[in-house]
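Enquirer: 3D, please:
(2 chains)
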Amino acid sequence: GDSVTQMEGPVTLSEEAFLTINCTYTATGYPSLFWYVQYPGEGLQLLLKATKADDKGSNKGFEATYRKETTSFHLEKGSVQVSDSAVYFCALSEIDSGGSNYKLTFGKGTLLTVNP
Amino acid sequence: DSGVTQTPKHLITATGQRVTLRCSPRSGDLSVYWYQQSLDQGLQFLIHYYNGEERAKGNILERFSAQQFPDLHSELNLSSLELGDSALYFCASSVGPDPSYEQYFGPGTRLTVT
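Expert: Next up, the predicted model:
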């Protein structure tokens, strides 16, 4: 079945450091891929998405490219800020073969802490 | 504030009991999704309703059920509660019929089963 594997945290960085959070997936077809962010005490927010191979999603300085050949959707940011401290979730959705249902699968989340 | 409201914020109940969680979507959104978040299982998609109809099912137990009403609010019913059902339950709403449309999450209901 579909699955999402993301790097285990926690990840601790200093402000202005480069961030990469790895995400790989398994799917039977052509899923859409997402990164969500959850700030402390809040619900999730969509950070970015990509719906087909080679698409690049970007938002708030974060980027991720849909790589079908490596089944990956790694999240990157060139210079992190303290305010980026949160839990990041990689997710995929895939319509089933009959077209009447879909699967929505999340990774386990990666806690990022950015120190000043 | 996402515009999605969930009640109650906290719920403490005993094993074997039944509870109902309520979600009001953002104005204009037709979809409501339900999720369970716990330390051991992470974030699990439970069920999705679109304009009153069930659209997709995830890892929802048979003891759990949901519905979406004509005014588009939704309720998640959890019955024969077990200790392992203790979790944070989120709902999310979106304008479209599938996850490609951005979902807006509510603040969650924290359920504690004792």
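Enquirer: Not counting residues beside it along the chain, what's closest to the residue in chain B that chain A sits nearest to?
Expert: Among all residues of chain B, B:Phe105 sits closest to chain A, at 2.9 Å; criterion: CB to the nearest CB. Heads up, the C-betas are built off the backbone N, CA and C, glycines and all. Excluding its sequence neighbours, the residue lying closest to B:Phe105 (CB to CB, 6 or more residues apart in numbering or on different chains) is A:Gly43, at 2.9 Å.
Enquirer: wait, the one you found sits on B:Asp1?
Expert: No - look at A:Gly43 against B:Asp1 with CB atoms under 8 Å: they stay out of range, at 10.7 Å.
Enquirer: Which of the two has more residues huddled nearby?
Expert: More neighbours surround A:Gly43 than the other of A:Gly43 and B:Asp1, with 22 against 7 (other CB atoms under 10 Å in any protein chain shown).
Enquirer: Bridge partners for the residue nearest in space to the middle of chain B, pull those for me.
Expert: Nearest to the geometric centre of chain B sits B:Trp34, at 3.1 Å (CA atoms, centre = their mean). With DSSP bridges as the criterion, B:Trp34 is bridged to B:Ile47, B:Cys91.
Enquirer: What residues does it make contact with?
Expert: B:Trp34 makes contact with B:Cys23, B:Phe45, B:Leu46, B:Ile47, B:His48, B:Ile60, B:Ala66, B:Ser74, B:Leu76, B:Tyr89, B:Phe90, B:Cys91, according to CB atoms under 8 Å, 6 or more residues apart in numbering or on different chains.
Enquirer: A:Trp35 now?
Expert: Counting by CB under 8 Å, 6+ apart, A:Trp35 has contacts A:23, A:46-49, A:57, A:62, A:64, A:73, A:75, A:88-91.
Enquirer: thinking again about what came up before, just give me the closest of the contacts of B:Trp34 to B:Lys9.
Expert: B:Tyr89 (10.9 Å; CB to CB).
Enquirer: quick one: which of the contacts of B:Trp34 is most hemmed in?
Expert: B:Cys91 (31 neighbours).
Enquirer: Contact residues of chain B facing chain A?
Expert: B:2, B:4, B:33, B:42-45, B:48, B:56-58, B:90, B:92, B:98-100, B:102-103, B:105-108 (CB under 8 Å from any CB of the partner chain).
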